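1. return a 3D structure for these sequence lines:
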Amino acid sequence: GEIRKAVSFMVDFLRAATRRDKLMPRWWNPQHDIAMFRLAFDEKGDFYICHAVEVFDIRKKWGYRTTKLLMVLATTVYGESGLRFKMDDLL
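-> Next comes the predicted model:
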């Protein structure tokens, strides 16, 4: 179901991100993966993997710079052609 798709996406993204040279901080280790998955599976938390987070909400909570940082991160991991949205849609 949906949770399986979300987990698959998260695992694929993390795998792709950790393969990119110098993308993840040097201190990143499997303990951080575990902590990230705990956040992702907390149904009552802000980071629950099955809740969509809109750009507006990200900007409201964490500011415009976070939106830009997330776009750069997604582009770095997937490249422009691998994204499921157009960058212009988020600006």
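
2. shaky segments in the protein?
-> The chain contains residues with pLDDT under 70 at 81-91.

3. quick one: the helices in it?
-> Assigned by DSSP state H, the helices in the chain fall at 2-19, 30-40, 55-62, 64-78.

4. would JSON lines of these with distance to I49 and mean neighbour count be doable?
-> C-betas here are computed from N, CA, C, even on glycine. As requested, the helices of the chain are exported to JSON lines (distance: least, Cβ to Cβ, whole Å; neighbours: other Cβ atoms under 10 Å):
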{"stretch": "helix 2-19", "distance to I49": "4", "mean neighbour count": "12"}
{"stretch": "helix 30-40", "distance to I49": "4", "mean neighbour count": "12"}
{"stretch": "helix 55-62", "distance to I49": "16", "mean neighbour count": "12"}
{"stretch": "helix 64-78", "distance to I49": "15", "mean neighbour count": "14"}
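
5. separation between F56 and Y64?
-> According to Cβ to Cβ, to the nearest Å, F56 and Y64 sit 11 Å apart.

6. so which of the helices of the chain gets nearest Y48?
-> Nearest of those to Y48, taken as Cβ to Cβ: helix 30-40 at 6.9 Å.

7. residues contacting that closest one, please?
-> A6, M10, L14, G45, F47, Y48, I49 (Cβ atoms under 8 Å, 6 or more residues apart in numbering).

8. dump the residue contacts of the fifth one.
-> If a contact means Cβ under 8 Å, 6+ apart, then F47 has L39, A40 as its contacts.

9. rerun at 10 Å
-> M36, R38, L39, A40, F41, V53 (Cβ atoms under 10 Å, 6 or more residues apart in numbering).

10. now for these: which two are most distant?
-> Pairwise over the contacts of F47, using Cβ to Cβ, the maximum falls at R38 and V53, 17.5 Å.

11. how about the contacts made by S8?
-> Residues in contact with S8 (Cβ under 10 Å, 6+ apart): none are found.
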